[in-house]
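Chemist: fold the following.
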Amino acid sequence: MLCKKENCIGCGVCKAVCPSDAISFVKFKGFSYPSVDFSICRTNDTCAGLCTAACPALSYKISGLSPAMYKAEGDAKGLFALFAEQVLLRGGAVCAPVMLEDLSVQFHIIEDAAQLSAVSVGGALRLFQGDAGDAYLRCRQLLETGRELLFFAPPCMVAGLKSFLSKNYYTLLTIDSICSGAASLLIYADYVSSNSAYHESVEAKLFSSLLFRESCFSCKYARPQRVGDITLGNCAEGSLLSVNSVKGVDSLKAISSELTLGKLDAEQMEVLAPRFFSATERPPLRDAFFADYEKHGYLYVEKKYLRESGLRRFFRGIFKR
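Modeler: The predicted structure is shown next:
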């Protein structure tokens, strides 16, 4: 049996490990959920045994170091590029989510530093969950050759890869992001096609918790015991970095000459990035939002929930001066 829909984090590991190819993913409210074809399912429970929602402890196979937390100059995209370039220089590869022209987010294997610009670490992309597709399988095939691999993703997808692999690879470096939650790609696609005249105020709301995946509000990976060797995030004062394993420590040493770091304690980190420690609170209007969307469509919910009032827009303009 697969996990309940409200608990599913969409990592895709169930589909990736199914020996009879009985699992496909279907969209619901702009999020991917597994669907089982029981006519070909062998019911051997391989999928249930590796489900990251049902067995999250499977994904915490890191060294157990207390995280060392830092603030750095510049944004998280620059930090990510430094780590990625080191791996590529040593003949390794990078697997990370990339948004395509059709607005879908898919994981790509990157072997050229020039392709790193397609990966947005600190912007909107990290708020959309990527489709794993065959990425887990390709990552394992690459690791089995002995090559280095950097896998960057939200923590739920890093958990998915680790659960799929079910063994430690010395050449695998994982970087997770400080993630508030995964927003609905369906609503975002409707927004893009609508050519909204309320661009600034609406886009900010599109990445609010109102549009997050249900399981994000009980995320088991929003905690200091991170699933990645390294955690990256942004804050108003620059970027944030947490080193969570011996492998992460070694990776940071390799680029330390290019960084200016300020050590943070837990209290300082929580002020700058509360989602490093706990999941986003579920907004009371979420059910009403999606019910109105299904009944009336996008323009109705944009006007009711996403647009900024004229008075509020007026005052925001004053305070920006």
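
Chemist: next, the buried residues of stretch 74-91.
Modeler: Residues of stretch 74-91 classed as buried: 75-88 (neighbour count, 16 or more other CB atoms under 10 Å). From N, CA and C alone the C-beta is placed, and that goes for glycine too.

Chemist: make that stretch 227-234, sorry
Modeler: 227-234.

Chemist: in the stretch 51-200 of the chain, which spans are strands?
Modeler: Applying DSSP state E, counting those that start in this stretch to the stretch 51-200 of the chain gives strands spanning 68-72, 93-99, 105-110, 149-153, 172-177.

Chemist: let me have the ones you listed in TSV, extended by distance to Ser218.
Modeler: Output for these, formatted as TSV (distance: least, CB to CB, whole Å):
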stretch	distance to Ser218
strand 68-72	24
strand 93-99	22
strand 105-110	22
strand 149-153	19
strand 172-177	17
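
Chemist: dump those to CSV, plus mean pLDDT.
Modeler: Shown next, in CSV, are these (pLDDT from 0 to 100):
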stretch, mean pLDDT
strand 68-72, 94
strand 93-99, 91
strand 105-110, 90
strand 149-153, 95
strand 172-177, 95
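
Chemist: and the ones you listed as a markdown table, adding mean neighbour count?
Modeler: Shown next, in a markdown table, are the strands of the stretch 51-200 of the chain (neighbours: other CB atoms under 10 Å):
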| stretch | mean neighbour count |
| --- | --- |
| strand 68-72 | 19 |
| strand 93-99 | 22 |
| strand 105-110 | 18 |
| strand 149-153 | 25 |
| strand 172-177 | 25 |
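
Chemist: for Leu241, which non-adjacent residue is closest in space?
Modeler: Tyr70 (4.6 Å; CB to CB, 6 or more residues apart in numbering).

Chemist: do Tyr300 as well
Modeler: Closest residue to Tyr300 apart from its sequence neighbours, by CB to CB, 6+ apart: Asp292 at 6.1 Å.

Chemist: returning to what we had before: what's the closest of the buried residues of stretch 227-234 to Ala204?
Modeler: Set against Ala204, the nearest of the buried residues of stretch 227-234 by CB to CB is Asn234 (15.3 Å).

Chemist: which strand or helix spans the closest one?
Modeler: For Asn234, the host element (DSSP states H and E) is strand 230-235.

Chemist: what about the stretch 51-200 of the chain, any weak spots by pLDDT?
Modeler: Along the stretch 51-200 of the chain, segments meeting pLDDT under 70 span 56-64, 120-126, 199-200.

Chemist: no wait, the stretch 201-321 of the chain
Modeler: 308-321.

Chemist: quick one, what contacts Ala72?
Modeler: 79, 238-241, 259-262 (CB atoms under 8 Å, 6 or more residues apart in numbering).

Chemist: which of these ranks first by neighbour count?
Modeler: Leu79 (28 neighbours; other CB atoms under 10 Å).

Chemist: buried ones in stretch 6-26?
Modeler: If you call a residue buried by 16+ other CB under 10 Å, then stretch 6-26 has these buried ones: 8-18, 22-23, 25.

Chemist: what's the span of that stretch from first residue to last?
Modeler: 14 Å (CA to CA, to the nearest Å).

Chemist: any idea of the mean pLDDT in it?
Modeler: For stretch 6-26, the mean per-residue pLDDT is 90.

Chemist: what sits against the residue nearest to Tyr300?
Modeler: Contacts of Asp292 (CB under 8 Å, 6+ apart): 300-301, 304-305.

Chemist: now swap in Ala84 and tell me
Modeler: Per CB under 8 Å, 6+ apart, neighbours of Ala84: 94, 96, 110, 113, 116, 150, 152.

Chemist: between these, which is nearest Ser177?
Modeler: Closest approach between those and Ser177, by CB to CB: Phe152, at 7.6 Å.

Chemist: the closest one contacts Val94, doesn't it?
Modeler: Yes: counting by CB atoms under 8 Å, Phe152 touches Val94, with 6.9 Å between them.
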